[in-house]
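*Asks:* What would the 3D arrangement of this be:
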Amino acid sequence: MKLHWLTLAMGLALAVPIWAQAQEQKQEQAQASDASVESGEKVQVSGVKNPALRPYRIMARGLDAFGKHHALAPQAGLRFELWNADGSVARADGLGLRLAGEKTDLALPVDADATFVLPRSQEALDDDADLVLNRKKDQMGWRPRVRSPGVPADARRLGDMRLECEVAWAVMKDQVSFVLRTAMSAVGGMCHSPMTALSYRTAKRLVSATLVSGERSRPLKLGADGHTYIVPLRDKAWDDESLIVYRFADAAVTAPAPAAVAPAAP
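*Replies:* Next up, the predicted model:
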């Protein structure tokens, strides 16, 4: 099974999730949406054949997980960000996103940073609506975005990333095999499994990523592409206020390596 958000292997790393892959049973609905566009009906996906879509009832599980685990980032809200299939940041120009069903037709604004808010909608649940993006499903995807206030632009708060993982797992867990899903569920899900690691991707190329908490610091191993690193989500020795501080390649020639940074205030 191809998953743009996750590359799964027992005992190996998990790549950062991007939800561009729709379930095969929804393809007929995608084609029906295309036909509606061509006939002038209400669902607008700009005539795109086989658009990216995701059942709202599945995406709503991410909203439930955010509420359940909100204590990981109590001051943060939840948005979703759109990425290109190659991992680069999407351009918001021309993107159209809607909740679409037999009775549901709701446009969702996409901000300039290619992020959007997924609303709660009982109508969309009852209507078995889809979240439809006007791009082909193999071109783009989305992932959760949690950002606590006060965190520097060149850093990520560990609790925010733990919460992103919980949201992601809630949405994509049915895409993995029954055996793997059962094994992970036994330990509380992907974010807590000793069989996996989570690799996070940054848009800019990295020189280093350093985990920092007070006087302690620990360099994180970068991937060969210079854009990824392994996030120690399960390591309780690092609390939710710990920061991962980035040093980007485009600033390396002019900026020194970052000193230890105190965690953001709760």
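
*Asks:* How much space separates Ile230 from Leu125?
*Replies:* Going from Ile230 to Leu125 by CB to CB, to the nearest Å gives 36 Å. From N, CA and C alone the C-beta is placed, and that goes for glycine too.

*Asks:* before we move on, could you check phi and psi at the most centrally placed residue in the chain?
*Replies:* For the chain, the residue whose C-alpha lies nearest the mean C-alpha position (CA atoms, centre = their mean) is Arg143; its distance is 1.8 Å. Here is the backbone geometry of Arg143 (degrees, to the nearest 10): phi -150, psi 160.

*Asks:* go on, Arg91?
*Replies:* Backbone dihedrals for Arg91, given as degrees, to the nearest 10, come out at phi -90, psi 130.

*Asks:* Next up, the contacts around it.
*Replies:* Applying CB atoms under 8 Å, 6 or more residues apart in numbering, we find Arg91 in contact with Ala114.

*Asks:* Would you agree Thr182 falls within a helix?
*Replies:* Yes: counting by DSSP: H, G, I helix; E, B strand; the rest coil, Thr182 is part of a helix.

*Asks:* could you point out where the stretch 51-200 of the chain is predicted with low confidence?
*Replies:* Counting by pLDDT under 70, the low-confidence segments of the stretch 51-200 of the chain come to 51-52.

*Asks:* where along it do the strands fall?
*Replies:* Counting by DSSP state E, counting those that start in this stretch, one finds strands in the stretch 51-200 of the chain at the ranges 51-55, 78-84, 97-100, 105-107, 115-116, 130-136, 140-146, 155-157, 197-201.

*Asks:* I'd like the ones you listed as a markdown table, with distance to Leu222 appended.
*Replies:* Listed next are the strands of the stretch 51-200 of the chain as a markdown table, based on distance: least, CB to CB, whole Å:
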| stretch | distance to Leu222 |
| --- | --- |
| strand 51-55 | 30 |
| strand 78-84 | 19 |
| strand 97-100 | 33 |
| strand 105-107 | 39 |
| strand 115-116 | 25 |
| strand 130-136 | 30 |
| strand 140-146 | 20 |
| strand 155-157 | 15 |
| strand 197-201 | 10 |
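
*Asks:* And those: which comes nearest Phe178?
*Replies:* Proximity to Phe178, assessed across the strands of the stretch 51-200 of the chain by CB to CB, is greatest for strand 51-55 (19.2 Å).

*Asks:* and Ala224, how many residues sit next to it?
*Replies:* As a burial measure, the neighbour count of Ala224 was computed by other CB atoms under 10 Å and equals 6.

*Asks:* returning to what we had before: for the strands of the stretch 51-200 of the chain, which one sits closest to Ser213?
*Replies:* For the strands of the stretch 51-200 of the chain, proximity to Ser213 was assessed by CB to CB; strand 155-157 is nearest, at 10.8 Å.
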